[in-house]
Each structure stands twice: as structure tokens, then as C-alpha cells.
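S.K.: return atomic coordinates for the entry below.
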Amino acid sequence: MILRDSQPAGHLPTQWPLNATGLFHRKNKHMTFDEAVAAHAPAWVAIWMNIFLLGAIVLPLTLFLWKATRLTALFSVIASAVSVGGIMLLYQQLGYVKLLGLAHIVAWTPLAIYLWVKMRSPDVTRTPRIIMSAVFATIIVSLAFDYVDAFRYLAGDRTPLAIAAH
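M.R.: Numbering: from 1, shown residues only. The predicted structure follows:
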């Protein structure tokens, strides 16, 4: 996601020294990923994170209730675990940068394709289809941010997602 504080670029966080590539890193481990998001993300991100957690983490668990969608639920849980683990690993290595969404891209692009196909399956009844649609929509919105951010990062935009004020 694109998360920028409105502070001028000269205000660098003391918790995150710049490494050789000009990226913030966490070698001193003073700020966790959750702390970075809470401290530097715009207010709308907190709202999106709640919607996102419901749509991409909680709703897929309900798919375990129907035999026809249990495998879908399992795939969703695995994709979410891979995604969260990947984000944490990338954050530890690179800091709070645009490339963090790469973990979503790797885990959720195949899941989104699978959901798109599964939602059309005749063995999926109305309620799980609605749930899968909500999960799919949440993931697609997240992936839209993630693809843009990853492309920008790979194209050379190494601006951190947030610049802290003193």
C-alpha cells in the first residue's frame, strides 16, 4: 500500500537509519512493522486494515463450514500466512518500503485466480459464493495497491512508505 506521511523529506526517523541503498532499515529493531504503520500511515489506512482483516483473513475461515469450499478456505489461510510471513521478512530486511506488497502479489495473485474460477463452480451455493466474492474483492483492492507499489519500487522509486516527523 502507498502510505506516506505529509512531512518533508528532510525529517528522517531516528529509529530507522538509512542503509547503503538509502532505504530505512531496522537493524536496531526499535520499531516493529505494526508500530511503523500506526505511527506513519494516514488515518484511512486504519479503516482499510480493519476491512482488509475481515475480508482477507476472517471471512475465508467461514468457508470451512461448507464441504464444497473447505479447500478454498485452506488455500486462503495458507496464502494469508505466506503473505504475512513474507511481509514481515521483507520489512526486517528492507524496512518500510514499497516492495512489501510483493508478498501479497506472490501469495494472493494465484488465490485470486482460484477464487474467480471457484466462485463459478456449480457445487458452490449462494452463501459461500457471496463470501468468496467479498474475499476476492478485498484481495483485488489490496493487489491493486501492491502491484503499483512493487512496480514503482522496481522502477527505481525507493522512497520509503512513510517519513516520520520529529
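
S.K.: the closest residue to L63 other than its chain neighbours: which element?
M.R.: Nearest residue to L63 in three dimensions, chain neighbours excluded: A73, at 3.6 Å (C-beta to C-beta, 6 or more residues apart in numbering). C-beta: built from backbone N, CA, C; applies to glycine. Per DSSP states H and E: A73 is located in helix 70-94.

S.K.: so what's the residue count around the residue nearest to L63?
M.R.: 21 (other C-beta atoms under 10 Å).

S.K.: and F151, by the same measure?
M.R.: Neighbour count of F151, defined by other C-beta under 10 Å: 12.

S.K.: how about G101?
M.R.: Summarising burial for G101: neighbours were counted as other C-beta under 10 Å, giving 28.

S.K.: list the buried residues for the longest helix along the chain?
M.R.: Longest helix in the chain by number of residues, with DSSP state H as the criterion: helix 126-154. Buried residues in helix 126-154, counted by 16 or more other C-beta atoms under 10 Å: 128-129, 131-132, 134-136, 138-139, 141-143, 145-146, 149-150, 153.

S.K.: same check, this time on stretch 54-62
M.R.: Going by neighbour count (16+ other C-beta under 10 Å), the buried part of stretch 54-62 is G55, A56, I57, L59, P60.

S.K.: so where is the chain shaky, pLDDT-wise?
M.R.: 1-30, 161-166 (pLDDT under 70).
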